[in-house]
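J.: curious how this folds, go ahead:
(chains A, B, C and D)
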2 protein chains.
Amino acid sequence: MNEQLLETVELEMAVFVRRLTSISSVKKLGKLDRSAYLLLHHLYTKGSSGVKALADEFTLDISTVSRQASSLEQKGYLDKVSDPSDGRAFFYQITDFGVQELIEYKQARLNRFSELLIDWSDEEGEQFGHLLKKFNLALIEK
Amino acid sequence: MNEQLLETVELEMAVFVRRLTSISSVKKLGKLDRSAYLLLHHLYTKGSSGVKALADEFTLDISTVSRQASSLEQKGYLDKVSDPSDGRAFFYQITDFGVQELIEYKQARLNRFSELLIDWSDEEGEQFGHLLKKFNLALIEK
DNA sequence: CATTTTAATTGTACCATACAACTATTTAAT
DNA sequence: ATTAAATAGTTGTATGGTACAATTAAAATG
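T.: As a prediction, this is how the structure comes out:
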């Protein structure tokens, strides 16, 4: 990729993160925040797991995930169950209430995105999804 | 854009922000951080300005920019000069040292991105830059 | 057993941001 | 010209998101 393109991507990405960071603290879409959303989403689609596994999956520090999960448990979105085969370990399991909030929040996000992307073609959407995915993967691997 | 594509973009974007947030706090590319980079970049390419104008430009709260600028002044990257035509106002101006650090940091970012995007075609790079730009614009407007 | 590794939590610290209260000025209104 | 309103900026406080280091308790290793 040539230098000019690289510079554009590099700069726009910094702007992008700033805007999304800013948005998430001001225009809350519902009761959840981004980290909660991703955590619940994972537990919902991939099943229960402990903070170690979640931290590995997300490439976050265990302490970060531990706090996030514990906060979600506090709010009734998660149940914390002991791992019968390991006295140190726990599973976090999404509750019915958690599922309900997850779905509601996801819908709010989709609504917001469909406003933002209202004039985007299917082709652009497809490209953007693909490129984001590819970039996210590169971030893990490299 | 159809629902399926929307969902992909929506989810990948959440992941994307998480990863980039995480990276910036762990693998520092140099002496600057993202907010400093964008601030210096703006002052360098668009010339001196006050915190109000910067905050408007960036769609951030004035207090946020005020603190960022003051921290950069502290480090010698910016000079704070009084606006002769308005006793309340100031201009922040990038110093030679600031320019030097900006350029160095930008180069480190470019190096990092070129690693990440090493196997990307020009076409993909062009698309990604374009789509990020378009999305960033939508975030301001909508 | 004794040691080391592992899962999780908690204390502390940093970046990024916003809102609210405040000061000092400038501008507008009467 | 005086008063009232708007504006530029700072500072206090709060929240989200993250990491690193120290600690606890249990498990695995030897």
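J.: quick one, phi psi at residue A:94?
T.: The phi/psi pair for residue A:94 (degrees, to the nearest 10) reads phi -70, psi 140.
J.: once you drop chain neighbours, what's closest to it?
T.: Excluding the flanking residues, the one nearest residue A:94 by C-beta to C-beta, 6 or more residues apart in numbering or on different chains is residue A:43, at 4.5 Å. C-beta here means a position set from N, CA and C on the backbone, and glycine is covered the same way.
J.: pLDDT on the helix or strand encompassing that neighbour, on average?
T.: Assigned by DSSP states H and E, residue A:43 belongs to helix A:34-46. Looking at helix A:34-46 alone, the average pLDDT works out to 97.
J.: show me what the helix or strand that it is followed by is packed up against.
T.: Using DSSP H and E, the next helix or strand after helix A:34-46 towards the C-terminus is helix A:51-58. Secondary-structure packing of helix A:51-58 (3 or more C-beta pairs under 8 Å, 6 or more residues apart in numbering or on different chains; DSSP states H and E): helix A:34-46, helix A:62-74, strand A:90-94.
J.: is any residue of stretch A:77-85 near DNA strand C?
T.: Yes - judged by C-beta under 7 Å from any atom of the strand, stretch A:77-85 and DNA strand C are in contact via A:80, A:83.
J.: mind putting the helices and strands packed on helix A:51-58 in CSV, distance to residue A:28 and mean neighbour count included?
T.: What follows is the helices and strands packed on helix A:51-58, written out as CSV (distance: least, C-beta to C-beta, whole Å; neighbours: other C-beta atoms under 10 Å in any protein chain shown):
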stretch, distance to residue A:28, mean neighbour count
helix A:34-46, 10, 19
helix A:62-74, 16, 17
strand A:90-94, 21, 21
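J.: mind putting those in TSV, distance to residue B:63 included?
T.: Shown next, in TSV, are those (distance: least, C-beta to C-beta, whole Å):
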stretch	distance to residue B:63
helix A:34-46	23
helix A:62-74	26
strand A:90-94	37
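J.: out of these, nearest to DNA strand C?
T.: The closest approach between DNA strand C and any of the helices and strands packed on helix A:51-58, judged by C-beta to the nearest atom of the strand, belongs to helix A:62-74 at 2.9 Å.
J.: pull out the buried positions in the biggest helix by length in chain A.
T.: Using DSSP state H, we find that the single longest helix of chain A is helix A:3-26. In terms of neighbour count (16 or more other C-beta atoms under 10 Å in any protein chain shown), helix A:3-26 has its buried residues at A:5-6, A:8-24.
J.: now do stretch A:92-106
T.: By neighbour count with 16+ other C-beta under 10 Å, stretch A:92-106 contains the buried residues A:92, A:93, A:94, A:95, A:98, A:101, A:102, A:105, A:106.
J.: that stretch near DNA strand C at all?
T.: No - Stretch A:92-106 lies out of reach of DNA strand C by C-beta under 7 Å from any atom of the strand, never closer than 8.0 Å.
J.: mind checking how far that stretch is from the chain centre?
T.: Between the mean C-alpha location of stretch A:92-106 and the chain-wide mean there is a distance of 14 Å, by C-alpha atoms, centre = their mean, to the nearest Å.
J.: cool, and stretch A:74-92?
T.: 21 Å.
J.: check stretch A:101-110 too.
T.: That offset, for stretch A:101-110, works out to 12 Å (C-alpha atoms, centre = their mean).
J.: which residues touch that stretch?
T.: With C-beta atoms under 8 Å, 6 or more residues apart in numbering or on different chains as the test, stretch A:101-110 has contacts from A:29-32, A:37, A:40-41, A:44, A:77, A:94, B:3, B:6-7, B:10, B:14.
J.: can you read off the pLDDT for the closest residue to residue A:132 other than its chain neighbours?
T.: In this structure, residue A:132 finds its nearest non-sequential neighbour in residue B:12, 3.9 Å apart by C-beta to C-beta, 6+ apart. pLDDT for residue B:12: 96.
J.: quick one: contacts for residue B:12?
T.: By C-beta under 8 Å, 6+ apart, the contact list for residue B:12 reads A:129, A:132, A:133, A:136.
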